[in-house]
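Peer 1: how would this look folded up:
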Amino acid sequence: MPRLLDNNALENSSVVANCTMNRERSLSGYNRELGLNIMTELTNRSENSPRIRWLDLCCGTGRALEETTRLLAHRGLADQIEIVGLDLVDHFTAVPTPPTLRLITHSVTDWAPKTDTTWSPAYMDCTT
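Peer 2: Numbering: from 1, shown residues only. Sure thing, here's the model as predicted:
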């Protein structure tokens, strides 16, 4: 059986920044690859809650998250839904992000959402 890499070795490997994986995923890729329609999920959840949080682990460039914020703004939901994208590599798209979108460079092994924001509690309603 092959030996698995420990967290430190994996985080420093070339696999983490491999653009042929999902680093450039668009919003439609979540439905195609994960069977999850993010816009439907967030919209449905927003009907029952004044604040919704989506955490996308290993979000790559954040392309899908920025696409989602634009669509939410078009539907009048931009201020109701916070999106947090977490990726180990700091190669996010260069587009200015709205205050409800946070792109964070950090390892998933020891990151935790902050509890000292207006978006408390620190849980997430949707995690991908």
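
Peer 1: Centroid-nearest residue for the protein?
Peer 2: residue 56 (2.4 Å; C-alpha atoms, centre = their mean).

Peer 1: list the buried ones in whatever helix or strand that one lives in?
Peer 2: Here residue 56 sits within strand 52-57, counting by DSSP states H and E. Residues of strand 52-57 classed as buried: 52-56 (neighbour count, 16 or more other C-beta atoms under 10 Å). In this view, the C-beta of every residue, glycine as well, is placed from N, C-alpha and C.

Peer 1: Throw those into CSV and include pLDDT and distance to residue 84, thanks.
Peer 2: Formatted as CSV, those follow (pLDDT from 0 to 100; distance: C-beta to C-beta, whole Å):
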residue, pLDDT, distance to residue 84
52, 88, 11
53, 87, 7
54, 89, 7
55, 90, 5
56, 89, 7
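
Peer 1: which of these lies closest to residue 87?
Peer 2: Residue 87 has its nearest neighbour among the buried residues of strand 52-57 in residue 56, at 8.6 Å by C-beta to C-beta.

Peer 1: Tell me what that closest one is bridged to.
Peer 2: Beta-bridge partners recorded for residue 56 (DSSP bridges): residue 85.

Peer 1: what's the closest of the buried residues of strand 52-57 to residue 92?
Peer 2: residue 56 (11.8 Å).

Peer 1: picking up where we left off before, could I get the average pLDDT for the helix or strand following the strand holding residue 56?
Peer 2: Following strand 52-57 in sequence order, the next helix or strand is helix 63-74 (DSSP H and E). The average pLDDT within helix 63-74 is 91.
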